[in-house]
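Student: how would this look folded up:
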Amino acid sequence: MASLKNIPGKSALYRIAGSSSPQPESSKGVVVMHDLGVTDKINLRCAPDNEVIARGLDRVVGTRLPTEAHRYNTSGLRSVIWCGPDEWLILAENGVAETITAELDRPEAGHAAVTNVSD
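Tutor: Here you go, the predicted structure:
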């Protein structure tokens, strides 16, 4: 598999990332979008109370699994997004998927699946 490490990719938003529109008068909120560039993506399947995975996430992502539906936890440039009761998507800066996968994909984690699904 080809590695995307250090490839200066651009997302579909890269040309509009710095632009914004004025807030409509009737709006109570603000939405801010910015381009993250190419990100690594790791799919994680495990029990939400898996302590081996939790300790590994603390070390390489800096946060724990969100256990409430439709939530995410973020630390710096890395996020863990709830996808289902036993499934999460880890987003991280380009080039670190192998390190994160190696830290989480351990035999002592038991019944767990860690898969690099980066583009």
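Student: so where is the chain shaky, pLDDT-wise?
Tutor: The model of the chain has pLDDT under 70 over residues 1-22, 30-34.
Student: in the protein, which spans are strands?
Tutor: 39-45, 72-75, 78-84, 87-93, 113-116 (DSSP state E).
Student: Could you dump those strands into CSV with distance to Arg64 and mean neighbour count added?
Tutor: From N, CA and C alone the C-beta is placed, and that goes for glycine too. CSV is the format used below for those (distance: least, CB to CB, whole Å; neighbours: other CB atoms under 10 Å):
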stretch, distance to Arg64, mean neighbour count
strand 39-45, 12, 20
strand 72-75, 6, 15
strand 78-84, 8, 18
strand 87-93, 10, 19
strand 113-116, 16, 16
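Student: For the residue nearest to Leu91 when sequence neighbours are not counted, which residues are in contact?
Tutor: Closest residue in space to Leu91, ignoring its immediate chain neighbours: Ser79 at 4.7 Å, by CB to CB, 6 or more residues apart in numbering. Contacts of Ser79 were listed using CB atoms under 8 Å, 6 or more residues apart in numbering, and they are Thr63, Tyr72, Asn73, Ile90, Leu91, Ala92.
Student: any idea how far the last one lies from Asp49?
Tutor: Taking CB to CB, to the nearest Å as the criterion, Ala92 is separated from Asp49 by 23 Å.
Student: can you check the third one too?
Tutor: Taking CB to CB as the measure, Asn73 falls 16 Å from Asp49.
Student: And the first one, by the same measure?
Tutor: In this structure, Thr63 lies at 16 Å from Asp49, with CB to CB as the measure.
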